[in-house]
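Undergrad: all I have is the shape, not the residue letters:
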């Protein structure tokens with residue numbers, strides 16, 4: 001937000017549509033933090049009688065809101081770029097505009113590093129996507145410099161063209177982010193996480209079979225379930241002890257596992 005606020009002053013002075021597109025996008029980026037903050041605040045409330053798994057899914061809803069915000073910023077940037085192509089205006093204060101573009105890159109990259117690191121630590125797809133979004137924004141800020149150099153060397157048409165290029169970059173971000181969020185919303189899970197859930201019980205003595213492993217994301221936590229086969233001659237107490245060991249093994253192998261349901265049944269003897 002601070003980066004965008006500084007840029008908007010330079011946009012008003014310079015009239016650069018490329019910098020304007022980048023500034024609009026930076027304001028949108030700052031806005032995407034709001035639904036994430038709301039989602040994380042709700043998640044901290046924990047489970048209730050009405051929401052027995054907690055409010056983790058609000059994080060994915062926030063991701064969907066982020067996609068809409070990014071798409072809207074692309075539409076605004078495209079409109080301003082086309083308007084400047086039809087009705088060109090001179091760009092002034094090129095040095096200040098170039099400095100603002102560099103500032104946009106540095107500000108976005110700093111935010112990207114922070115968001116991606118924290119997102120990966122806590123397993124938040126929405127936060128990682130938002131960080132990657134910020135990183136692309138930093139690169140588009142550098143692209144603004146190309147447009148300004150075009151103005152400096154007598155090719156002012158490069159400025160609105162760069163604005164359109166930024167728009168295309170935003171749309172690619174929308175596509176990738178939407179795919180990730182959609183997967184979480186319909187309970188998609190990464191194959192490697194499912195493999196870990198299937199593999200962990202095999203380390204527990206007494207487990208003869210592993211079947212019907214499932215997993216889903218709820219917010220930035222994984223909830224899994226698995227069915228194990230044990231010796232039919234085991235007592236109920238012995239089977240329960242093995243199930244508890246399997247649950248501990250699952251938590252040890254799956255880093256972001258929040259909960260695990262272990263079903264025990266007699267193993268096939270044929």
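TA: Received the coordinates, thanks. Keep in mind the model is a prediction, meaning the values are calculated, not measured.
Undergrad: pLDDT averaged over stretch 221-230, what's the number?
TA: Averaged across stretch 221-230, the pLDDT comes to 92.
Undergrad: next one: stretch 184-204
TA: For stretch 184-204, the mean per-residue pLDDT is 91.
Undergrad: buried set for it?
TA: Neighbour-count burial for stretch 184-204, with 16 or more other CB atoms under 10 Å as criterion, is recorded at 184, 189, 193-194, 196-198, 200-201, 204. (Each C-beta comes from the backbone N, C-alpha and C, glycine too.)
Undergrad: and stretch 223-240, by the same measure?
TA: By neighbour count with 16+ other CB under 10 Å, stretch 223-240 contains the buried residues 223-230, 234, 239.
Undergrad: OK, contacts around the nearest residue to residue 33 once chain neighbours are set aside?
TA: Taking CB to CB, 6 or more residues apart in numbering as the measure, residue 33 lies nearest to residue 130, with 7.6 Å between them; neighbours along the chain are not counted. Neighbouring residues of residue 130 by CB atoms under 8 Å, 6 or more residues apart in numbering: 29, 32-33, 36, 66, 115, 119.
Undergrad: picking up where we left off before, ok, which pair from the buried residues of stretch 223-240 is furthest apart?
TA: Taking every pair in these and measuring CB to CB, the maximum separation is 26.8 Å, between 223 and 234.
Undergrad: surely residue 267 meets residue 209?
TA: Yes: contact between residue 267 and residue 209 holds when scored by CB atoms under 8 Å: they sit 5.0 Å apart.
Undergrad: give me the common contacts of those two.
TA: Common neighbours of residue 267 and residue 209 are listed as residue 229 (criterion: CB under 8 Å, 6+ apart).
Undergrad: most neighbours among the contacts of residue 130, please name it.
TA: When neighbours are counted as other CB atoms under 10 Å, the busiest of those turns out to be residue 66, with 27 neighbours.
Undergrad: residues contacting residue 40?
TA: Counting by CB under 8 Å, 6+ apart, residue 40 makes contact with residue 59.
Undergrad: quick check, pLDDT for it.
TA: What the model reports for residue 40 is a pLDDT of 84.
Undergrad: what's the spacing between it and residue 118?
TA: 11 Å (CB to CB, to the nearest Å).
Undergrad: going along the chain, name the strands of the stretch 101-250 of the chain.
TA: With DSSP state E, counting those that start in this stretch as the criterion, the stretch 101-250 of the chain has strands at 209-218, 221-230.
Undergrad: need the contact partners of the last one.
TA: Okay, so that is strand 221-230. Among residues not part of strand 221-230, those counted as contacts by CB under 8 Å, 6+ apart are 53, 56, 123, 189, 193, 197-198, 201, 206-217, 238-239, 242-243, 246, 250, 254, 256-268.
Undergrad: what does stretch 188-198 give?
TA: Counting contacts by CB under 8 Å, 6+ apart, the residues outside stretch 188-198 that touch it are 182, 210, 213-217, 222, 224, 226, 250, 253-254, 260.
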